[in-house]
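Colleague: coordinates only, sequence not included:
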């Protein structure tokens with residue numbers, strides 16, 4: 001059994017030229033892991049912005065989408081969790097790629113190990129500004145209003161804000177804040193008060209880490225595909241973080 005996890009590719013940022021190079025590297029990684037993968041989890045922010053109009057999706061990323069389609073058609077399961085940058089994803093992945101899309105955490109059990117998996121945005125204490133903004137973004141009326149913008153206007157505006165607005169992008173100094181100040185660490189510890197999980201797997205923080213949060217329980221953050229190029233792998237016994245070094 002090999003289960004792979006990756007998060008926070010942010011394709012499209014900061015510009016198409018730099019994004020394209022990262023896309024090629026990610027596709028090379030997918031070509032490697034498909035050789036022995038049973039399941040691949042993508043934990044959000046695959047795109048720096050994504051919005052599904054009724055008949056239109058953002059231009060670009062065809063190589064990534066094509067590779068995901070190829071892998072899924074081969075029989076390998078792929079699960080996608082929306083992040084704070086692609087939270088307006090609807091049913092395009094499900095209909096075109098046969099990839100389920102989740103908008104919140106979901107529990108999985110593999111080889112007797114229980115996983116709680118999600119992107120991680122808006123979880124735990126703090127981050128109140130983003131939590132308020134997320135409620136606005138996910139409000140059906142807000143989505144309805146945005147849909148009335150012509151895609152050439154709406155997508156360009158959203159892409160600009162996604163890069164420039166720190167509250168939206170989550171851009172900050174990526175450094176370990178200590179267990180007491182890492183919101184997802186605290187979130188995991190609180191969840192353990194009600195149920196045991198062997199692993200909490202999240203993205204969003206852009207900082208690869210594995211932290212013991214309880215007896216036989218670990219929180220892992222996958223890092224990103226901007227500066228770290230890290231991913232997670234579970235071999236049926238243990239979970240590890242690894243770095244993809246191929247240029």
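Modeller: The structure has been received and is ready for your questions. Nothing here was measured: the structure is a model prediction, and the numbers come from that model.

Colleague: Spatially central residue for this structure, please.
Modeller: Most central residue of the chain, judged by C-alpha distance to the mean C-alpha position with CA atoms, centre = their mean, is residue 44 at 1.9 Å.

Colleague: residues in contact with that residue?
Modeller: For residue 44, the residues meeting the contact criterion (CB atoms under 8 Å, 6 or more residues apart in numbering) are 7-8, 80-86, 118-121, 203-204. C-betas here are computed from N, CA, C, even on glycine.

Colleague: which residues in this protein form helices?
Modeller: 16-33, 62-73, 92, 128-137, 140-147, 151-164, 166-169, 183-192 (DSSP state H).

Colleague: ok, of the contacts of residue 44, which come out buried?
Modeller: Buried members of the contacts of residue 44, scored by 16 or more other CB atoms under 10 Å, are 7-8, 80-86, 118-121, 203-204.

Colleague: Closest to residue 38 out of the residues you listed?
Modeller: residue 80 (16.3 Å; CB to CB).

Colleague: who's that closest one bridged to?
Modeller: Beta-bridge pairing of residue 80, defined through DSSP bridges, involves residue 42, residue 101.

Colleague: what's the pLDDT at it?
Modeller: Here, the pLDDT recorded for residue 80 equals 98.

Colleague: do the one 10 residues further on as well
Modeller: Residue 90 is assigned a pLDDT of 89 by the prediction.

Colleague: Not including adjacent chain positions, what is the nearest residue to it?
Modeller: The shortest distance from residue 90 to any non-neighbouring residue, by CB to CB, 6 or more residues apart in numbering, is to residue 52 (4.3 Å).

Colleague: what residues are up against that neighbour?
Modeller: 88, 89, 90, 91, 92.

Colleague: Backbone dihedrals for the third one, both of them.
Modeller: Backbone geometry at residue 90, expressed as degrees, to the nearest 10, gives phi -120, psi -110.

Colleague: before we move on, the earlier item: relative to residue 203, how far out is the residue nearest to residue 90?
Modeller: If you measure residue 52 against residue 203 using CB to CB, to the nearest Å, the figure is 21 Å.

Colleague: isn't residue 241 right up against residue 223?
Modeller: Yes. Taking CB atoms under 8 Å as the contact criterion, residue 241 and residue 223 are neighbours in contact, 7.1 Å apart.

Colleague: tell me, what's touching the two both at once?
Modeller: When contacts are counted by CB under 8 Å, 6+ apart, residue 241 and residue 223 have 208, 209, 230, 231 as shared neighbours.

Colleague: Return the member of the residues you listed nearest to residue 71.
Modeller: Here the nearest of the shared contacts of residue 241 and residue 223 to residue 71, counting by CB to CB, is residue 231; it sits at 14.6 Å.

Colleague: isn't that closest one right up against residue 239?
Modeller: No. Counting by CB under 8 Å, residue 231 stays clear of residue 239, with 11.1 Å between them.

Colleague: what about the two, which has more around it?
Modeller: residue 231 (23 against 19; other CB atoms under 10 Å).

Colleague: Kind regards, and thank you for your time.
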